[in-house]
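Asker: how does the following fold in three dimensions:
(one chain, ligands or ions: 1)
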Amino acid sequence: MKTKLSIAIATALSLPAIAYADTEQLTTIVVEGSSRRPGAMAMAPDSSGLKDTAALLEKVPGANINRNGPLTGIPQYRGMSGNRVNVTVDGANMKEVGPNSMDPSLSHVPAALTESLTVYRGIAPVSSGIDTIGGSMKMESKKGSFAEGDKKYEFDGALSTGYSSVDSGYYVAGFSSIANENHKIHIGATKEEGNDYKYADGTVRPTEYDRQALIVGYEYQNKGHEFGFNFTDNNTINTGTPALPMDIGYVDGGLYNLEYNWDMGNGYQLESKFFYQDMSHYMSNNALRTPMMVNGKPMFMDTNTAVKGGGWDIAMTMPMGSGDLKVGFTGDKSNHDADMHMVMWMVDNVNVPPMFPPHEMNTNTTIFNAVERSRYSFFGEWKGDLTDKLSTELGIRYTYTNSNTADVVNGMVMTPMMVMAANNFNNANRDKDFHGVDLVAMLRYAARTDLDLEIGFARKTRAPSYQELYLWGPSEASGGLADGRTYVGNLDLNLETAYQFEFGMDWHTDNAYFAPRAFYHYVDDYIQGSEHATMKRNQLRCPTMAPCPVLQFNNTDAHIYGVDLETGYVFDEHWRIDGGLNYVGGRQVDGDGYLYRMAPFNGRAQITFEHSGFMASVEGIGYSAQNKVATYNNEDKTAGYGVMNLRANYEAFDGFVVGAGIENVVDSINENHLGGYSRAMSMDSDVAQGDRIPLPGRNYYATMTYQW
Ligand SMILES: [Cu+2]
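Answerer: A predicted model of the protein is given here:
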């Protein structure tokens with residue numbers, strides 16, 4: 001039953017795996033990178049990581065999280081996030097049901113049911129997916145193992161529970177699988193629930209959460225054939241997203257995966273994956289927070305959204321020359337709808353035509369109506385050895401993306417501006433085609449037995465998202481940007497094209513490792529907001545509450561550059577230290593604007609002590625100030641901070657592990673630059689509206705796991 005993790009550890013030069021090898025009920029983080037592919041790192045149990053798989057990304061070199069809520073963690077990799085990072089769940093590029101990314105793909109399967117999260121370090125291979133301009137990561141749900149060797153049956157399972165004091169939160173999780181060498185079935189379920197979290201100055205609202213998840217699957221293997229069917233279901237209710245104008249009422253729905261692989265022998269392999277998803281979502285501004293007052297009365301706002309999606313990924317691997325050639329055909333299609341309902345009190349003013357006397361207005365507005373996005377993509381990738389010290393990866397991928405949408409219905413406040421916006425949109429050509437060509441060339445050189453060097457070049461593309469194209473009137477449904485601004489789409493957007501360069505080294509001995517990577521990306525037609533030519537609006541984040549511009553998605557050019565590294569040293573069988581540093585910068589080519597929501601310079605170090613089933617660690621995390629902020633949306637600077645965490649766990653007997661710890665030991669108030677601004681009314685939260693959202697205060701947690 002320890003097969004998967006054992007493989008990861010055995011081939012890993014990445015040493016952290018060894019420290020936690022006995023606590024293998026934990027999610028495995030795999031960092032695929034250069035000569036270290038595959039490297040692995042199992043995580044120490046901590047309350048955040050057990051709740052939210054995205055939280056694990058903070059431990060991956062170059063990765064971070066844009067956090068809009070306790071379960072809403074949007075992966076950031078080297079300064080890029082959202083649609084720029086390709087995330088797959090059991091091989092499916094899931095589509096978010098929330099147009100404001102309330103349900104990023106990693107929130108679909110809770111950490112307790114996640115087998116592994118794999119991040120490709122640096123330039124992602126073309127075979128890892130479509131739209132990998134900002135990197136690629138894949139999550140696999142737990143599935144258990146087949147019986148091996150002379151064992152007839154294999155029973156795997158885990159029961160775990162945990163409590164965290166900062167939000168009075170708990171989780172319970174159960175997983176079980178039964179298999180012989182050909183058949184395997186598994187089932188798993190979790191429940192996580194918590195209140196608004198506390199920090200030194202009070203409570204941050206709304207940050208409560210409530211999620212139930214279910215996974216079920218069947219797999220069959222025989223003589224090189226593998227067949228699998230998996231279902232993962234997420235049922236989240238009443239979960240706060242304080243950085244956004246509304247909260248999650250529910251996110252509900254499932255993902256169906258079908259997989260068939262055939263190992264034909266002699267190096268020939270067929271892999272095929274299919275998925276289908278059907279999800280619905282409801283969000284509102286009045287269930288978990290007090291609605292804003294307009295004309296002396298509360299303005300109620302809620303939105304229903306839905307997504308249906310499906311896709312495939314078929315690839316064939318075959319020997320070619322001194323390596324392997326992989327060719328494949330990938331594609332998917334999704335349909336998105338979002339309808340907003342508003343109740344507000346209108347009085348006669350300059351914005352309202354005189355046919356409306358003071359009255360309550362009850363409106364329904366289509367934000368997105370039958371949006372359809374389809375992608376068809378072909379790739380070829382050759383990996384092989386040129387000499388015994390030199391290896392290479394060459395890849396090419398062509399992607400055709402088509403987007404279209406039906407007419408919208410304007411039920412919003414009938415200002416002449418909004419009437420015109422809807423009419424213009426309905427009269428415009430909204431059927432858009434994009435053709436993207438991705439290229440990757442990597443060269444790896446084993447300079448010495450303890451030193452590998454890597455150099456890589458790539459051209460990566462991304463077609464505009466449906467929000468970037470089809471937001472017909474000012475809306476905050478911007479895919480989770482959470483900058484407090486309203487955006488209007490742009491039907492004339494070009495696709496983004498990044499030219500990427502990177503150089504890395506990996507030095508490793510029996511006791512030490514040191515692996516830095518430097519990168520530079522030039523992004524042609526980088527999509528970000530710029531002032532709309534005509535639309536103005538009163539807005540929370542606008543300085544002095546004066547009318548400020550609505551933003552429109554536009555193409556600009558950008559530089560992104562940085563260095564990330566991981567390092568560690570093993571003193572003896574009991575003591576070790578591991579750490580990492582991340583730096584990323586980004587700016588527009590024209591003008592002096594920096595890019596929005598870039599992770600500040602940050603680092604972490606962890607000293608671990610291990611002795612006969614007992615493990616304890618001290619972890620220090622530091623973030624520097626972020627003064628290089630975007631000007632186009634008036635991004636706030638943030639100060640630097642440091643956090644200390646203490647963790648311990650003990651394997652009392654085989655498979656039974658208890659863990660406990662204190663996070664943010666000194667209870668400092670820390671504002672993470674990627675955390676957004678509080679959007680709740682000031683009477684709801686102890687954080688003033690518009691201020692940065694502080695991280696949780698001191699947290700005592702305890703966990704208990706039994707695995708068999
Ligand atoms: Cu939403």
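Asker: low-confidence stretches in this structure?
Answerer: Applying pLDDT under 70 to the chain flags the ranges 1-50, 347-358, 410-415, 537-547.
Asker: so the one residue sitting closest to the centre of it, which of the three states?
Answerer: By Cα atoms, centre = their mean, the chain has its centre lying nearest to Pro75, at 3.1 Å. Classification of Pro75 using DSSP: H, G, I helix; E, B strand; the rest coil returns strand.
Asker: isn't it right next to Ser107, touching?
Answerer: No - with contact defined as Cβ atoms under 8 Å, Pro75 does not reach Ser107; the gap is 10.7 Å. Yep, even glycine has a C-beta here, placed from its N, CA and C like the rest.
Asker: so how far is the longest helix seen in the chain from its chain's centroid?
Answerer: Of all the segments of type helix in the chain, defined by DSSP state H, the longest one is helix 416-427. The chain centre lies 34 Å from the centre of helix 416-427; the measure is Cα atoms, centre = their mean, to the nearest Å.
Asker: in it, what counts as buried?
Answerer: Met417, Met418, Ala421, Ala422, Phe425, Asn426 (16 or more other Cβ atoms under 10 Å).
Asker: after it comes which helix or strand?
Answerer: Where DSSP states H and E defines the elements, the next helix or strand beyond helix 416-427 is strand 432-448.
Asker: and the next helix or strand after that next one, what does it pack against?
Answerer: Next helix or strand after strand 432-448 toward the C-terminus (DSSP H and E): strand 451-462. When contacts are defined as 3 or more Cβ pairs under 8 Å, 6 or more residues apart in numbering; DSSP states H and E, strand 451-462 packs onto strand 432-448, strand 496-508.
Asker: leaving out sequence neighbours, find the closest residue to the residue of the stretch 201-350 of the chain at minimum distance from the ion.
Answerer: As assessed by Cβ to the ion, the ion sits closest to Met283 within the stretch 201-350 of the chain, at 3.6 Å. Leaving aside its sequence neighbours, Met283 sits nearest to Met246 (Cβ to Cβ, 6 or more residues apart in numbering; 4.1 Å).
Asker: who's in contact with that neighbour?
Answerer: Met246 makes contacts with Asn100, Met283, Ser284, Asn285, Met301, Asp302, Thr303, as judged by Cβ atoms under 8 Å, 6 or more residues apart in numbering.
Asker: so of these, which ones are in helices?
Answerer: Per DSSP H, the contacts of Met246 never map to helices.
Asker: quick check, nearest of those to Val550?
Answerer: Top of the list for closeness to Val550, among the contacts of Met246 and by Cβ to Cβ, is Asn100 at 16.2 Å.
Asker: can you report phi and psi for that closest one?
Answerer: Main-chain dihedrals, Asn100, degrees, to the nearest 10: phi -110, psi 30.
Asker: for it, what are its contacts?
Answerer: Neighbour list for Asn100: Leu244, Met246, Met283, Glu476, Ala477, Ser478, Gly479, Gly480 [criterion: Cβ under 8 Å, 6+ apart].
Asker: let me know whether the fourth one touches Arg485 as I believe.
Answerer: Going back to what we said before, that points to Glu476. Yes - counting by Cβ under 8 Å, Glu476 does reach Arg485; the two are 7.4 Å apart.
Asker: show me what whichever helix or strand Asp324 is part of is packed against.
Answerer: Using DSSP H and E, Asp324 maps to strand 323-346. For strand 323-346, the packing partners by 3+ Cβ pairs under 8 Å, 6+ apart come out as strand 300-320, strand 359-385.
Asker: can you tell if the first one touches the ion?
Answerer: Going back to what we said before, that points to strand 300-320. No - applying Cβ under 5 Å from the ion, one finds strand 300-320 separated from the ion by no less than 6.4 Å.
Asker: mind checking which helix or strand the closest residue to Tyr256 other than its chain neighbours is in?
Answerer: Nearest in space to Tyr256, with sequence neighbours left out and distances taken as Cβ to Cβ, 6+ apart, is Tyr276 at 4.7 Å. Counting by DSSP H and E, the element that carries Tyr276 is strand 268-284.
Asker: next, the angle strand 300-320 makes with that strand.
Answerer: Going by axes from the mean of the first three to the mean of the last three Cα atoms, to 10 degrees, strand 268-284 is angled at 170 degrees with respect to strand 300-320.
Asker: strand partners (parallel or antiparallel) of the next helix or strand after strand 268-284?
Answerer: Counting by DSSP H and E, the next helix or strand C-terminal to strand 268-284 is strand 293-294. Strand 293-294 has its sheet partners listed here by DSSP bridges as strand 297-298 (antiparallel).
Asker: residues contacting the strand it pairs with, please?
Answerer: Asn286, Thr290, Pro291, Met292, Met344, Trp345, Glu360.
Asker: chain center to it, what's the gap?
Answerer: Put simply, strand 297-298 sits 36 Å off its chain's centre (Cα atoms, centre = their mean).
Asker: what does the protein have sitting close to the ion?
Answerer: Residues of the chain lying close to the ion by Cβ under 5 Å from the ion are Gly98, Met102, Met283.
Asker: now these as JSON lines including distance to Ala498 and neighbour count?
Answerer: Below are the residues of the chain next to the ion laid out as JSON lines (distance: Cβ to Cβ, whole Å; neighbours: other Cβ atoms under 10 Å):
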{"residue": "Gly98", "distance to Ala498": "26", "neighbour count": "27"}
{"residue": "Met102", "distance to Ala498": "27", "neighbour count": "27"}
{"residue": "Met283", "distance to Ala498": "32", "neighbour count": "27"}
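Asker: tell me the first helix or strand C-terminal of the one helix or strand Thr236 maps to.
Answerer: For Thr236, the element it lies in under DSSP H and E is strand 225-239. Going down the chain from strand 225-239, the next helix or strand is strand 247-265, by DSSP H and E.
Asker: what comes up buried for stretch 619-627?
Answerer: By neighbour count on 16+ other Cβ under 10 Å, the buried set for stretch 619-627 is Glu619, Ile621, Gly622, Tyr623, Ser624, Gln626.
Asker: my error: substitute stretch 326-342 in the last question.
Answerer: For stretch 326-342, by 16+ other Cβ under 10 Å, it's 326-328, 330-340, 342.
Asker: about what we covered before: OK, contacts around the residue nearest to the centre of the chain?
Answerer: For Pro75, the contact set (Cβ under 8 Å, 6+ apart) comprises Ala54, Leu57, Ala63, Asn64, Ile65, Asn66, Ser81, Val85, Val87, Pro104, Leu106, Met137.
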